[in-house]
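*Asks:* Have a look; sequence and predicted model below, questions after that.
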Number of protein chains: 2
Amino acid sequence: MTSELVAGRQATGPATHAATPVAADDPRLDAWRSLIQAHARLTRTMDDELQAAHHLSLAEYDALLQLVNAPGRRLRMSALADRVLLSRSGITRLVDRLVAAGMVERSQCSTDARGAEAALTPAGHERLRAASATHLDGVGRLFLDVVDPADRAAVQRAMDRVIANLGGPNGTEHECTPGTGQA
Amino acid sequence: MTSELVAGRQATGPATHAATPVAADDPRLDAWRSLIQAHARLTRTMDDELQAAHHLSLAEYDALLQLVNAPGRRLRMSALADRVLLSRSGITRLVDRLVAAGMVERSQCSTDARGAEAALTPAGHERLRAASATHLDGVGRLFLDVVDPADRAAVQRAMDRVIANLGGPNGTEHECTPGTGQA
DNA sequence: GTCGTGTAGTTGATTGCGCAACTATGCACC
DNA sequence: GGTGCATAGTTGCGCAATCAACTACACGAC
């Protein structure tokens, strides 16, 4: 047994552009492996730091962050789900936790009786403000500071292309409170 | 309320190199966001494809792959855990599943009575061979094909630096079967 | 020898997430 | 205004992963 794994060359769908079969020992796979590893280590470390310093998971932090950046500091559940990369049920329970912790309030959507929205409370805002120091420090220290600026730009380009290629959920963002910028 | 979030400038540890505080609206954060998003989408898609075509999760596939690349197609539990980025208990249960499915055999370490090792079975090898086609195709189609080769190289450089900076577990790899390359 | 400390792996309890099923509402069509 | 289908969100269930506690063994000191 000499060769361990040889790339199959079966096409999954209609190959749009000439398929480039990848072999198991293709050195280009190293980039993939590095990506997986780095991501796992990074998120785990940041999650730990955030948890230790502020008792917040990365997902919770992210949700708060999405809320503060939204107009009126409120967001429809599904919009929040899309941004935090969680399923519908996932976001329901995440918001449950945030509500229980007093960081978010659940309210009824004014223009759509089916809709619920999550709104950041002042307490949540304060909590986020504190946690953001830890998080931004982490991103800087563990990612930005160690990566060459040109490489960082390349990473962004590459990832954006991957995302575009996969095709986003393209959510048709429904607004709730047309002209309200108030809590 | 003008500025939403301002970067805290607290240093977590002794700053080795001049700290570069990151602001919440720092455009460099876009690279971070893209990384997170792309990773989530990529792994989710690949996991789905692998599951649909071969009833294997990405973690299971990865474990099989690590085994086939190991000398003697066997690995100590903790070594496997390190490579698959799982906790000790996590790897115990993952191997449990693989054993139940007949893809892996658990055996006693010859040189350390505490140790267990997981060995790939012929069935597991065959399963892996089949699944690798799907996986390699996925990596090629969703990542390698859409990313500029230069950017791909940059991604690898960047991720490797991140990993090095975080410092690996640096496991002192214990061998079990010193001179055995046989199943 | 045996005692104490460290390491390898498994197990119990808990947690967070996704899928599928369900309710409730919106909306187009007739 | 009723009918039928699509959409928003929640809930039951199951799965996989973690941490903490535990067992079993290794290894050095004496």
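*Replies:* Sure, I can see it. Residues are numbered from 1 along each chain as shown, chains lettered A, B, ... in the order given.
*Asks:* all contacts plus neighbour counts: C-alpha atoms, from now on.
*Replies:* Fine.
*Asks:* Spell out the secondary structure type for residue A:42.
*Replies:* helix (DSSP: H, G, I helix; E, B strand; the rest coil).
*Asks:* And the pLDDT for it?
*Replies:* The per-residue pLDDT reported for residue A:42 equals 95.
*Asks:* and it, how far is that from residue B:32?
*Replies:* Residue A:42 sits 11 Å away from residue B:32, going by Cα to Cα, to the nearest Å.
*Asks:* cool, and residue A:123?
*Replies:* From residue A:123 to residue B:32 the distance is 27 Å (Cα to Cα).
*Asks:* of those two, who's got more company?
*Replies:* More neighbours surround residue B:32 than the other of residue A:123 and residue B:32, with 19 against 13 (other Cα atoms under 10 Å in any protein chain shown).
*Asks:* Which residues are in contact with that one?
*Replies:* By Cα atoms under 8 Å, 6 or more residues apart in numbering or on different chains, the contact set of residue B:32 is A:139, A:156.
*Asks:* any idea how far the helix or strand hosting it is from the chain center?
*Replies:* Remark: residue B:32 resides in helix B:29-54, with elements defined by DSSP states H and E. Here the centre of helix B:29-54 is set off from its chain's centre by 13 Å, with Cα atoms, centre = their mean, to the nearest Å.
*Asks:* What angle do helix B:29-54 and the very next helix or strand once past that helix make with each other?
*Replies:* The element immediately downstream of helix B:29-54 (helix or strand, assigned by DSSP H and E) is helix B:58-68. Angle, helix B:58-68 to helix B:29-54, by axes from the mean of the first three to the mean of the last three Cα atoms, to 10 degrees: 80 degrees.
*Asks:* what packs against the very next helix or strand once past helix B:58-68?
*Replies:* Next along the chain after helix B:58-68, taking DSSP H and E as the criterion, comes strand B:74-76. Packed against strand B:74-76 by the contact rule (3 or more Cα pairs under 8 Å, 6 or more residues apart in numbering or on different chains; DSSP states H and E) you find helix B:58-68, strand B:116-120.
*Asks:* Sheet partners, orientation included, of strand B:74-76?
*Replies:* strand B:116-120 (antiparallel) (DSSP bridges).
*Asks:* near DNA strand C at all, the strand it pairs with?
*Replies:* Yes: interface with DNA strand C: strand B:116-120 contributes B:116, B:117 (Cα under 7 Å from any atom of the strand).
*Asks:* average pLDDT for that strand?
*Replies:* On average, strand B:116-120 scores 97.
*Asks:* Tell me which residues are up against it.
*Replies:* Contacts for strand B:116-120 (Cα under 8 Å, 6+ apart): B:64, B:67-68, B:72-77, B:95, B:103-109, B:183.
*Asks:* which of those residues count as buried?
*Replies:* B:64, B:67-68, B:72-77, B:95, B:103-106, B:109 (16 or more other Cα atoms under 10 Å in any protein chain shown).
*Asks:* can you pull the contacts of the residue positioned nearest the centre of chain A?
*Replies:* Closest to where the C-alpha atoms of chain A average out (Cα atoms, centre = their mean) is residue A:84, at 4.5 Å. By Cα under 8 Å, 6+ apart, the residues touching residue A:84 are A:59, A:62, A:63, A:66.
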